[in-house]
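**Q** Have a look; sequence and predicted model below, questions after that.
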Amino acid sequence: MHTPVNADIDSVAAVPAPQPGAVLRRFRALAINPFMVLACVLLGASIGWAAPGVARPLGLVGVVYVDLLTMVVLPFMMSAVVLSLQNLYREGGAGKIVQRVVVVFVLLALAAAVLATVATWLLHPGGGMSEGTRAALGHIVGGDADGSNTAMALLTPEPAPASASAQEILRTLIPSNIFAALANGETLKALVFALLFGFAVGQVPSRISTGLQDALETVYKACQTLTGWINLPLPLILVCMAAGQVARTGLAPMAAMAGFVGGFLAVSVLLVGVAMAVVRHRAGVGARAVMKAMREPFALGVATNNSAACMPAMVNALVGRLGFARSRVELLVPLSVALLRAGPVAYFVCGSMFIAALYGRTLSASDLALLAGLSALTGFASSGMAGVVTVSLMGVVCASLSLPFEAAFVLFVAVDPVCAMARTALTVIANCAAVSLICARPVTLQS
């Protein structure tokens, strides 16, 4: 008795072929895995250190990547905010949401400042610095290299960052021309317009606003799809970005500022852990589920140094993976990204305390309380700022404590690429925690 040929064919055909969508999902999950992100950054740094001439041009890849993500941010944010406000008005409860936003954002900013102050005081970065390290820092700043330059004067002094007046702050919030704000990438002004426009659209009868809602939903979905495409080559992009950065700055600034960088990274890890615990408590799931949900926003924060570029991933994590209400999340994520800046808050605290230790200044309990409050307020003022501009805002905090920030400014600029990764990742995860606190808990069906 022989086996029919058709039976062999059927048995082979019965083995399911891998679906393209499943393969793409596996590749995307691997690309945003934190261990893969770390491995790519280390590989890129090694290339930049070993072959700076080859690695330096690779930085262009990172610039293009961030520009592509930034390109999607404004249309995504505006469509999400307007759609969410429309839904809120139809469901009711918009006023109560606004009250909770104010309370949660203020409390979380203060909590981040207090926790960062306590953790930095315990770690004491900058204390017990060796003469060799002090000499290296003095050389970077521009003073002598014999270790006696405690004044650390710059060869070309940096101007002190000017504190913004109330009028200037209002001008940074209100767009006189929304099209100019969009063209210039002014995220905060675009957000204010989207909020006001969304509130106005919510007053329009649904029979008239249906067409606008359909158009905005199309824009929103298209931006999500485009973001997914852009993030596919993330491992290669991380290697290029790290290689280009190390090739430009070298490892000497990192070695000299190792105490501050290590302290700030430790504080960031602590605050990220607290934020994860908050999300876990609100979502009612296990720690593993939260880590799996948060790994894409975390990886993008590390890779892009742009919290706004992480908004689609944050929405997907909170809605798609943890089950929070989409109508609330899509409104609150852009608000939190623009207003709640936990990363800069912790950075201002750590940097100010490092400068105090560098100059041998002992901070009293009242100084530490003032530092925490000022850092929280300055964090709100850092909305829409990134990179060196964020670093310069530390001068506002230091000036209130009579700390000489201007001379040490170049030290923080030298290591800011690494600190910016931690700042952004902390901001993104803390924003997810804030949104989870404001939203109602996900509904779980009992089996």
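**A** Ah, there it is.
**Q** how deep is the residue lying closest to Val37 once chain neighbours are set aside tucked in, by neighbour count?
**A** Nearest residue to Val37 in three dimensions, chain neighbours excluded: Ala299, at 4.9 Å (CB to CB, 6 or more residues apart in numbering). Where you see a C-beta, it was placed from the backbone N, CA and C, and this is true even at glycine. Per other CB atoms under 10 Å, the neighbour tally for Ala299 reads 26.
**Q** quick one, phi/psi of Val285?
**A** phi -120, psi 180 (degrees, to the nearest 10).
**Q** Sketch out the low-pLDDT regions of the stretch 151-300 of the chain for me.
**A** 151-173, 185, 187-188, 249-256 (pLDDT under 70).
**Q** Would you map the strands across it?
**A** With strands called from DSSP state E, counting those that start in this stretch, the stretch 151-300 of the chain shows none.
**Q** What strand or helix carries the closest residue to Gly202 other than its chain neighbours?
**A** Nearest in space to Gly202, with sequence neighbours left out and distances taken as CB to CB, 6+ apart, is Tyr89 at 3.2 Å. Assessed by DSSP states H and E, Tyr89 sits inside helix 59-91.
**Q** Check the average confidence over that helix, would you?
**A** Averaged over helix 59-91, pLDDT sits at 76.
**Q** buried ones in that helix?
**A** Buried residues in helix 59-91, counted by 16 or more other CB atoms under 10 Å: 59, 61-62, 65-66, 68-69, 72-89.
**Q** same thing with stretch 195-214?
**A** 195, 198, 201-202, 209, 213.
**Q** what about that stretch, start to end distance?
**A** End-to-end distance for stretch 195-214, by CA to CA, to the nearest Å: 18 Å.
**Q** chain center to it, what's the gap?
**A** On the basis of CA atoms, centre = their mean, to the nearest Å, stretch 195-214 sits 31 Å off its chain's mean C-alpha point.
**Q** same check, this time on stretch 352-360
**A** Centroid separation between stretch 352-360 and its chain, computed with CA atoms, centre = their mean, is 26 Å.
**Q** Same question for stretch 98-111.
**A** Centroid displacement of stretch 98-111 relative to its chain, using CA atoms, centre = their mean, is 18 Å.
**Q** Now it: average pLDDT?
**A** For stretch 98-111, the mean per-residue pLDDT is 87.
**Q** now what about it, what contacts it?
**A** 332, 335-336, 339-342, 345, 372-373, 376, 379-380, 430, 433-434, 437-438 (CB atoms under 8 Å, 6 or more residues apart in numbering).
**Q** With stretch 265-280 instead?
**A** By CB under 8 Å, 6+ apart, the list of residues contacting stretch 265-280 reads 112, 115-116, 119-120, 123, 286-287, 289-291, 293-294, 298, 322, 342-343, 346, 349-350, 418, 422-423, 425-426, 429-430, 432-433, 436-437.
**Q** run the last query once more with 6 Å
**A** 112, 116, 119-120, 287, 290, 346, 350, 422, 426, 429-430, 432-433, 436 (CB atoms under 6 Å, 6 or more residues apart in numbering).
**Q** okay if I get the buried residues of stretch 195-214 as JSON lines plus distance to Leu42?
**A** Shown next, in JSON lines, are the buried residues of stretch 195-214 (distance: CB to CB, whole Å):
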{"residue": "Leu195", "distance to Leu42": "41"}
{"residue": "Gly198", "distance to Leu42": "43"}
{"residue": "Val201", "distance to Leu42": "48"}
{"residue": "Gly202", "distance to Leu42": "49"}
{"residue": "Ser209", "distance to Leu42": "51"}
{"residue": "Gln213", "distance to Leu42": "46"}
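**Q** Could you pull up phi and psi at Val302?
**A** Backbone phi and psi, for Val302 under degrees, to the nearest 10, turn out to be phi -70, psi -40.
**Q** gap between the residue nearest to Leu368 when sequence neighbours are not counted and Gln99?
**A** Residue nearest to Leu368 in three dimensions, not counting chain neighbours: Thr117, with 5.4 Å by CB to CB, 6+ apart. Counting by CB to CB, to the nearest Å, the gap from Thr117 to Gln99 is 28 Å.
**Q** Who has more neighbours out of the two?
**A** Remark: of Thr117 and Gln99, Thr117 carries more neighbours, 23 against 10, as counted by other CB under 10 Å.
**Q** thinking that one is in contact with Ala369, fair?
**A** No - in this structure, Thr117 is not within contact of Ala369 by CB atoms under 6 Å, at 8.3 Å.
**Q** And Asn177, how far from Phe193?
**A** Distance, Asn177 to Phe193, by CB to CB: 10 Å.
**Q** swap in Leu270?
**A** Between Leu270 and Phe193 the computed distance is 37 Å (CB to CB).
**Q** Look at these two and report which has more neighbours.
**A** Phe193 (20 against 17).
**Q** correct me, but the more buried one touches Pro175?
**A** Yes - Phe193 is in contact with Pro175 according to CB under 6 Å; the separation is 5.4 Å.
**Q** Kindly export stretch 46-64 (C-alpha atoms) in PDB.
**A** C-alpha atoms of stretch 46-64 as PDB (Å, rounded to 0.1, in the frame of the first residue of the first chain):
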ATOM      1  CA  SER A  46      33.300  51.500  19.700                       C
ATOM      2  CA  ILE A  47      33.300  52.400  16.000                       C
ATOM      3  CA  GLY A  48      33.500  56.100  16.800                       C
ATOM      4  CA  TRP A  49      36.400  55.600  19.200                       C
ATOM      5  CA  ALA A  50      38.300  53.200  16.900                       C
ATOM      6  CA  ALA A  51      37.700  54.900  13.500                       C
ATOM      7  CA  PRO A  52      36.600  58.500  14.100                       C
ATOM      8  CA  GLY A  53      37.300  59.500  10.500                       C
ATOM      9  CA  VAL A  54      34.900  56.800   9.200                       C
ATOM     10  CA  ALA A  55      32.400  57.300  11.900                       C
ATOM     11  CA  ARG A  56      32.000  61.100  11.900                       C
ATOM     12  CA  PRO A  57      29.900  61.200   8.600                       C
ATOM     13  CA  LEU A  58      27.600  58.600  10.100                       C
ATOM     14  CA  GLY A  59      26.100  61.200  12.400                       C
ATOM     15  CA  LEU A  60      24.100  62.500   9.400                       C
ATOM     16  CA  VAL A  61      22.000  59.300   9.500                       C
ATOM     17  CA  GLY A  62      20.800  60.200  13.000                       C
ATOM     18  CA  VAL A  63      20.100  63.800  12.000                       C
ATOM     19  CA  VAL A  64      17.900  62.600   9.100                       C
END
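**Q** how far is that stretch from where the chain is centred?
**A** Counting by CA atoms, centre = their mean, stretch 46-64 comes out at 23 Å from the chain centroid.
**Q** quick one: contacts for Gly59?
**A** Counting by CB under 6 Å, 6+ apart, Gly59 touches Gly244.
**Q** hmm, back to that, any common contacting residues for Thr117 and Ala369?
**A** By CB under 6 Å, 6+ apart, no residue touches both Thr117 and Ala369.
**Q** so where do the helices sit in the stretch 201-350 of the chain?
**A** Taking DSSP state H, counting those that start in this stretch to define them, one finds helices in the stretch 201-350 of the chain at 206-230, 234-249, 252-256, 258-283, 287-304, 311-315, 326-339, 342-358.
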